[in-house]
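Chemist: pasting a predicted model and its sequence here:
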Amino acid sequence: MAVFVNGVIFDGIDTSAQDCWKLEAYVARGGYQALRRIIESKMAQEDVIAEVKNSGLRGRGGAGFPTGLKWSFMPRSFPGDKYVVCNTDEGEPGTFKDRDILRFNPHALIEGMIIAGYAMGTKAGYNYIHGEIFEEYELFEAALDEARQAGFLGNNILGSDFSFDLFAHHGYGAYICGEETALLESLEGKKGQPRFKPPFPASFGLYGKPTTINNTESFASVPFIIRDGAAKFLEAGKPNNGGTKLFSVSGHVNRPGNYEIPLGTPFSVLLEMAGGMRDGKKLKAVIPGGSSAPILPGDVMMQCTMDYDSIAKAGSMLGSGAVIVMNEDVCMVKALERLAYFYHEESCGQCTPCREGTGWLYKVIHRIAQGEGRPGDLELLDSVGNNMAGRTICALADAAVFPVRSFTKHFRNEFEYLIEHKKPLVDHKWC
Amino acid sequence: MLSAQSLAAIDREVAKYPADQKRSAVMGALRIALVERREAGKTPEERCLNTEVIEFVANYLQIPPVAAYEVATFYNMYDMKPVGQYKITVCTNLPCALSGGVNAAEYISKKLGIAIGETSADGKYTLLEGECMGACGDAPVLLVNNHKMCSFMTPEAIDKKLAELN
């Protein structure tokens, strides 16, 4: 299920057509024109980067960092090997947009990465693909073969002196590899445990060489920006929030799926596009940016527009654009228990506060959910969280703590009631 | 220890990386080794990775065996424990649970007569609970043998899938 309004990435795609992912179909949609123009006009690297900067494109993986600015950090004149890496290790609960990009429009990603390679003076790139989507990995490899045969990848691309090749690397089940330095470790054939930063990947990345890592959706937006211009991309969104964005809507809606809409679209409109609430139930809460983003009560969400600034102002984050919708039948203690289990399961174990803390968070929330909570447990959760957040190498600990803090803030009465009465306030039903 | 076909597939993985970075191919190589063992294995014990095959892969890539072993044990899709002919992993994470993920896991468990984490007595099925597969919009989703994703797994769809596997 995928719906697109003024789509940048999914512009003109009939996702029901079996061959929509193929090179021929992509070219018919205007694909590879951007690359062709860059190469034929011998566009300067800094001009490509300036165009991406001017588009207002912000990293679509979750952090929202300006993509053009990130590209400008690469030491373009560094004489040795340099890499561009794409993060398709999409495992943040609620997020499923990159899978659709690989399934329906892999060449947009490939072209975006080639342009990135050109702009940053790199000769090779890797796309790290989430372990659980093996069929999409195989399809992406087939798309790479097509691009190679057509002369878009390899030596002397389109007869120029620019050479670039791209490969797919398949993960095998570790959420942590979505963290960029863990991803690099994994690409090097090691356990996916995050590195200390600094040094940042732009100076010490894959195999210790300068490396730029972007999200799938960010790279896939680049061909449009070059072909149709930064201004047009910027206009598609709102100031400081350029472009359209893929929102993965899941949970209690009638039509879960991906919706590519202009940044700044009201949440109420997105909810309507997704068919509204399933079974006409009342909206209780929304996690607007993937499981790590703080949860917001439904009435707060209904006042928000879907862009980085509005969601941040409401106290959460747009993150990866994963919108998890919950109705009035969900017990918030049960919902948080499931997320806490996830972070405990996925902590890589490198840092003590996270390895131990995620386990404690889960144990305490689990016992509350079982009706075995103790007075002081909410304070205990706070204390454990405070000793985790900001005290570890990567942000997984913070990601585990954000939901705990926001659930116990906005739905405190449900936690208190369960601790006091040993039974839930809400007669919980998952669906 | 591995077939010529598997070794050729591993060579293709090796070719993706710089010549002095063969270690990068270890994830792909272990996956290829696991697929061969799953397809050739007659019992749950023969279908998973073991230290011999991990060591073989390590030697093939000229890396220390422990380097391959730590990869095989870090990533959760490598089967290090005996596994049924069909490993069924159901996502029960929050977004999937809201669209029937937990119900799907319970339904399969009841139908196969095995609890989550167990393998059926005939060695045919293993049922596991999984974390996010990045397909929440298709919930309930499950993976068969790591590589085949099945979407919208209502009880009817599960019945059909299990009949197909049978």
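Modeler: Nice, I can see it.

Chemist: name the helices or strands packed onto the strand ranked longest in chain A?
Modeler: In chain A, with assignment by DSSP state E, the single longest strand is strand A:244-251. For strand A:244-251, the packing partners by 3 or more Cβ pairs under 8 Å, 6 or more residues apart in numbering or on different chains; DSSP states H and E come out as helix A:97-104, strand A:257-262, helix A:267-273, strand A:322-327, helix B:94-97. The C-beta positions use only the backbone N, C-alpha and C, and glycine is treated the same way.

Chemist: got a list of what the nearest residue to A:Glu51 once chain neighbours are set aside touches?
Modeler: Once flanking residues are discounted, A:Glu51 sits nearest to A:Ala230: 5.0 Å by Cβ to Cβ, 6 or more residues apart in numbering or on different chains. A:Ala230 makes contacts with A:51-56, A:242, as judged by Cβ atoms under 8 Å, 6 or more residues apart in numbering or on different chains.

Chemist: buried residues, the helix or strand A:Thr408 falls within. List them.
Modeler: For A:Thr408, the host element (DSSP states H and E) is helix A:396-410. Within helix A:396-410, the residues that qualify as buried by neighbour count (16 or more other Cβ atoms under 10 Å in any protein chain shown) are A:396-408, A:410.

Chemist: just stretch A:363-374 next, same as before
Modeler: Residues of stretch A:363-374 classed as buried under the neighbour-count rule (16+ other Cβ under 10 Å) are A:364-366, A:368-369, A:373.

Chemist: now, which of these sits nearest A:Val253?
Modeler: A:Ala369 (24.9 Å; Cβ to Cβ).

Chemist: and the closest one, how close does it get to A:Gly151?
Modeler: Here the criterion is Cβ to Cβ, to the nearest Å. By it, A:Ala369 lies 58 Å from A:Gly151.

Chemist: now swap in A:His344 and tell me
Modeler: In this view, A:His344 and A:Gly151 are 49 Å apart by Cβ to Cβ.

Chemist: more neighbours: which of those two?
Modeler: A:His344 (21 against 13; other Cβ atoms under 10 Å in any protein chain shown).

Chemist: deepest of the helices and strands packed on strand A:244-251, which one?
Modeler: Highest mean neighbour count of the helices and strands packed on strand A:244-251: helix B:94-97, a mean of 30 (counted as mean count of other Cβ atoms under 10 Å in any protein chain shown).

Chemist: how about it and chain A, any contact?
Modeler: Yes: under the criterion of Cβ under 8 Å from any Cβ of the partner chain, chain A is reached by helix B:94-97 at B:94-97.

Chemist: just the helices in chain B please.
Modeler: Using DSSP state H, the helices of chain B run over B:4-14, B:26-40, B:44-47, B:51-61, B:65-74, B:94-97, B:101-112, B:155-165.

Chemist: pipe the ones you listed into JSON lines and attach distance to A:Thr122 and mean pLDDT per row.
Modeler: JSON lines is the format used below for the helices of chain B (distance: least, Cβ to Cβ, whole Å; pLDDT from 0 to 100):
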{"stretch": "helix B:4-14", "distance to A:Thr122": "21", "mean pLDDT": "98"}
{"stretch": "helix B:26-40", "distance to A:Thr122": "22", "mean pLDDT": "98"}
{"stretch": "helix B:44-47", "distance to A:Thr122": "41", "mean pLDDT": "97"}
{"stretch": "helix B:51-61", "distance to A:Thr122": "25", "mean pLDDT": "98"}
{"stretch": "helix B:65-74", "distance to A:Thr122": "26", "mean pLDDT": "98"}
{"stretch": "helix B:94-97", "distance to A:Thr122": "35", "mean pLDDT": "98"}
{"stretch": "helix B:101-112", "distance to A:Thr122": "40", "mean pLDDT": "98"}
{"stretch": "helix B:155-165", "distance to A:Thr122": "43", "mean pLDDT": "97"}
